[in-house]
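J.: Only the shape, not the letters, is given here:
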């Protein structure tokens, strides 16, 4: 028997785990029964990301298969999640962001008549191919969701422009800032570094197929300067050979996927971030770490407006030009180091939990 007010949280990837961990904790703080379902889209990384928050999954669907297409993963994820939801039907299903797992969770829930709450709703690049399939996924989830937890007023405006009623939207801030602050509070003081750290992350599907050689070559050139260290966690979805130009650089360190606390410790001590990731743009902006976004565009315009990030596309020349300026010109670097609260203030999960409590019980929670 499923308790009244039970909430099922569907998680597929490491970023989802990080961004939903504060929500799990906030819901449990309100004594709401929560079950966490991993799809296995990131087989080990999602589990590892939950561990520092003291969260263990209630079920893991282990859906990944070698060579599996997006269509096959989507079909298998919808079927498997729907089967679980039918057995233990919750009052709400929560999905986060724009992954295949999030879309599958939303489809499965709505097919069973279960309302869907979408965390990090309303982000838009307005180009279905950039990033792919994330832009497609999040626009489809918006059609399925009952509640839309928008991280920023800009995301809210995107949803309203698409016809989502205002009463179904709540601007909460981004839960990644909650996770960031919680993690930072547990870390010891960072040791002094002999050389400045350039932290890089790369994994975008559209970059893997065409742009990785240029980006990796740019990182190798930066590592050869002699006055910086380059740290790049390998992504399991990227072929090992793409990293070859960096492997010969003494100042470049290629590491396995890092535990979240270790990654945040590195991020907090970085002089410069070079990334095609989404969440890291937000984390770096919250910390005031200058960031070069190696993509054509970003669906997080707040980090650009805050002045903490620049979109530099994927050409080696553009990356090197921007990186060299930030490494050689202290004033240029200093101008991008103002920590921003545009993404969130660390209380997003509390707002999400209170709204869901109100929806489940028909009255605002006394602590609201």
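T.: Now that the structure is in, tell me what you want to look at. Keep in mind that this is a model prediction, so the values were computed, not measured. Numbering: from 1, shown residues only.

J.: so where do the helices sit in the stretch 151-300 of the chain?
T.: Counting by DSSP state H, counting those that start in this stretch, the stretch 151-300 of the chain has helices at residues 153-161, 175-184, 205-210, 212-223, 244-247, 260-268, 279-287.

J.: Show me the chain divided up by domain.
T.: When the chain is parsed into structural domains using automatic domain parsing, the resulting residue ranges are 7-173+347-361, 196-334.

J.: Same list, the ones you listed, but as CSV with distance to residue 183 and mean pLDDT please.
T.: Every residue, glycine included, has its C-beta placed from N, CA and C. Conversion of the domains of the chain to CSV gives the following (distance: least, CB to CB, whole Å; pLDDT from 0 to 100):
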stretch, distance to residue 183, mean pLDDT
domain 7-173+347-361, 7, 96
domain 196-334, 5, 94
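
J.: Using a markdown table, please lay out the ones you listed together with distance to residue 190.
T.: Output for those, formatted as a markdown table (distance: least, CB to CB, whole Å):
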| stretch | distance to residue 190 |
| --- | --- |
| domain 7-173+347-361 | 17 |
| domain 196-334 | 5 |
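
J.: Ok, which of these comes nearest residue 185?
T.: Each of the domains of the chain was scored for nearness to residue 185 using CB to CB, and the closest is domain 196-334 (10.6 Å).

J.: can you give me the end-to-end distance of the closest one?
T.: Its start and end residues considered, domain 196-334 measures 14 Å (CA to CA, to the nearest Å).

J.: going forward can the numbers begin at 28, since that is how I track them
T.: OK, 28 is where the count begins now, so the last one is domain 223-361.

J.: now, of the helices of the stretch 178-327 of the chain, which is deepest in the fold?
T.: Mean neighbour counts were taken over those using mean count of other CB atoms under 10 Å, and the top value, a mean of 26, falls to helix 306-314.

J.: Now do it against helix 202-211, angle only.
T.: Orientation note: helix 306-314 sits at an angle of 60 degrees relative to helix 202-211 (axes from the mean of the first three to the mean of the last three CA atoms, to 10 degrees).

J.: Name the residues that touch helix 306-314?
T.: Contacts made with helix 306-314 from outside it, assessed by CB atoms under 8 Å, 6 or more residues apart in numbering, are listed as 42, 45-46, 201, 203-204, 207, 228, 291, 294-295, 297, 300, 302, 317-318, 320, 325, 327, 329-330, 333, 335-336, 366-371.

J.: hmm, try it at 6 Å
T.: Contact partners of helix 306-314, identified using CB atoms under 6 Å, 6 or more residues apart in numbering, comprise 42, 201, 203-204, 207, 228, 295, 300, 318, 327, 330, 333, 335-336, 366-367, 370.

J.: In PyMOL, how would I select just the buried ones from these?
T.: Selecting only the buried entries of the contacts of helix 306-314 in PyMOL, with 16 or more other CB atoms under 10 Å as the criterion:
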select buried, resi 42+201+203+204+207+228+295+300+318+327+330+333+335+336+367+370
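
J.: At which residues are the strands of the stretch 278-395 of the chain located?
T.: 279-282, 299-302, 318-320, 336-338 (DSSP state E, counting those that start in this stretch).

J.: from those, which stretch is densest packed?
T.: Per residue and on average, the most neighbours among these fall to strand 318-320, with a mean of 27 (mean count of other CB under 10 Å).

J.: partners of that strand, with directions?
T.: strand 299-302 (parallel), strand 336-338 (parallel) (DSSP bridges).

J.: export the helices of the stretch 178-327 of the chain to a markdown table and tack on distance to residue 389?
T.: Listed next are the helices of the stretch 178-327 of the chain as a markdown table, based on distance: least, CB to CB, whole Å:
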| stretch | distance to residue 389 |
| --- | --- |
| helix 180-188 | 24 |
| helix 202-211 | 25 |
| helix 232-237 | 43 |
| helix 239-250 | 51 |
| helix 271-274 | 56 |
| helix 287-295 | 36 |
| helix 306-314 | 33 |
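
J.: and of those, who's closest to residue 355?
T.: Nearest of the helices of the stretch 178-327 of the chain to residue 355, taken as CB to CB: helix 239-250 at 11.5 Å.

J.: Can you list the neighbours in contact with the closest one?
T.: Residues outside helix 239-250 that contact it (CB under 6 Å, 6+ apart): 225, 227, 257, 269, 272-273, 276, 278-279, 321, 341-343, 346-347, 350.

J.: now those residues: which count as buried?
T.: Among the contacts of helix 239-250, the ones that count as buried (16+ other CB under 10 Å) are 225, 227, 257, 269, 272-273, 276, 278-279, 321, 341, 343, 346-347, 350.
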